[in-house]
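Novice: fold the following and give me the result.
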Amino acid sequence: MSRPLIGITVDNRDNNSDSQVLELSEHYGRAVTEAGGVPILLPHEPDLAAQYAETCDGLIFSGGVDPRTEIFGAPTHPRARPIDARRQAFELALLKAVADRDDKCVLGVCLGMQLMALAAGGTLDQYLPEHLATAAQHTGRKRHGIELLVEDSVLGPGSGHASVVSHHQQAVADPGSMRVVARAPDGVIEAIDDPARRFYAGVQWHPERGGPDELNRGLFARLVRAATSERRRRT
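Specialist: This next block holds a predicted model:
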């Protein structure tokens, strides 16, 4: 049977011209390929979100800067680095397209987890350095500890402690309808999921950079396995 198709959202930057360049760290594609999937990069086309969702067996909402929160009823913090408006519109459309699709396996990374929480009715802490003395531990791709809170999450290892790599200045404050499944020692929410779905989870850290252990690259392996199973079931 053919490998599952894993769609990955991408970032964008100005190209000193009248166009933008779409880009993605090679770590994502490598992690998916090593796990047995076929990575597909998804340009920011909101009108194609439903077709992307139908075509892909799994989706990864990749990392980036900060969400624009006005659409969710809160002003964007003055210290935020707002995401490109077209990228946000596309990713929210893609989340909406899979909202009722339990056969689609979804992983959100960093920004991706934050958008998942917002789409689920949650809220963000938009600037951790304002009130969190340990905020610097979460930036610069530093490694820090987390506590896994539940046994039945798709994160894999069960409850206990682990080490992850992070780079963010915002965090989920309230996950809305999703469940908190991991926290840092300082209380920052590190992972959320929807236990009613086969694989619908977000992590605040960067598993594509975290190493070959069960919690990091193993997370991509579980995503691909779940997507493979759903692909077989549909065909």
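Novice: so how far is the helix or strand hosting residue 59 off the chain centroid?
Specialist: Using DSSP states H and E, residue 59 sits within strand 58-61. Taking CA atoms, centre = their mean, to the nearest Å, the mean C-alpha location of strand 58-61 is offset from the chain mean by 8 Å.
Novice: C-alpha coordinates for it, PDB please?
Specialist: In PDB, the C-alpha atoms belonging to strand 58-61 read as follows (Å, rounded to 0.1, in the frame of the first residue of the first chain):
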ATOM      1  CA  GLY A  58      -2.700  13.600   8.100                       C
ATOM      2  CA  LEU A  59      -1.800  17.300   8.700                       C
ATOM      3  CA  ILE A  60       1.000  19.000  10.600                       C
ATOM      4  CA  PHE A  61       0.400  22.700  11.500                       C
END
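Novice: residues making contact with it?
Specialist: With CB atoms under 8 Å, 6 or more residues apart in numbering as the contact definition, strand 58-61 has outside contacts at 4-9, 28, 32, 37, 52-53, 91, 94-95, 98, 104-109, 111-113, 115-116, 199, 202, 223-224, 226-227. From N, CA and C alone the C-beta is placed, and that goes for glycine too.
Novice: repeat for stretch 131-145
Specialist: 125, 128-129, 161-169, 171, 184-186, 188, 204, 206, 209.
Novice: among those, name the buried ones.
Specialist: 125, 128, 162, 164-166, 168-169, 171, 184, 188, 204, 206, 209 (16 or more other CB atoms under 10 Å).
Novice: dump the residues you listed into JSON lines; add distance to residue 58 as well.
Specialist: Formatted as JSON lines, these follow (distance: CB to CB, whole Å):
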{"residue": "125", "distance to residue 58": "29"}
{"residue": "128", "distance to residue 58": "30"}
{"residue": "162", "distance to residue 58": "23"}
{"residue": "164", "distance to residue 58": "21"}
{"residue": "165", "distance to residue 58": "22"}
{"residue": "166", "distance to residue 58": "23"}
{"residue": "168", "distance to residue 58": "23"}
{"residue": "169", "distance to residue 58": "28"}
{"residue": "171", "distance to residue 58": "25"}
{"residue": "184", "distance to residue 58": "27"}
{"residue": "188", "distance to residue 58": "26"}
{"residue": "204", "distance to residue 58": "20"}
{"residue": "206", "distance to residue 58": "18"}
{"residue": "209", "distance to residue 58": "19"}
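Novice: which one of these is nearest residue 218?
Specialist: residue 162 (10.8 Å; CB to CB).
Novice: how about the closest one, what does it touch?
Specialist: 145-146, 148, 213, 215.
Novice: show me the beta-bridge partners of it.
Specialist: residue 146 (DSSP bridges).
Novice: so where's the protein shaky on pLDDT?
Specialist: Where the chain drops to pLDDT under 70, the residues are 1, 14-18, 157, 159.
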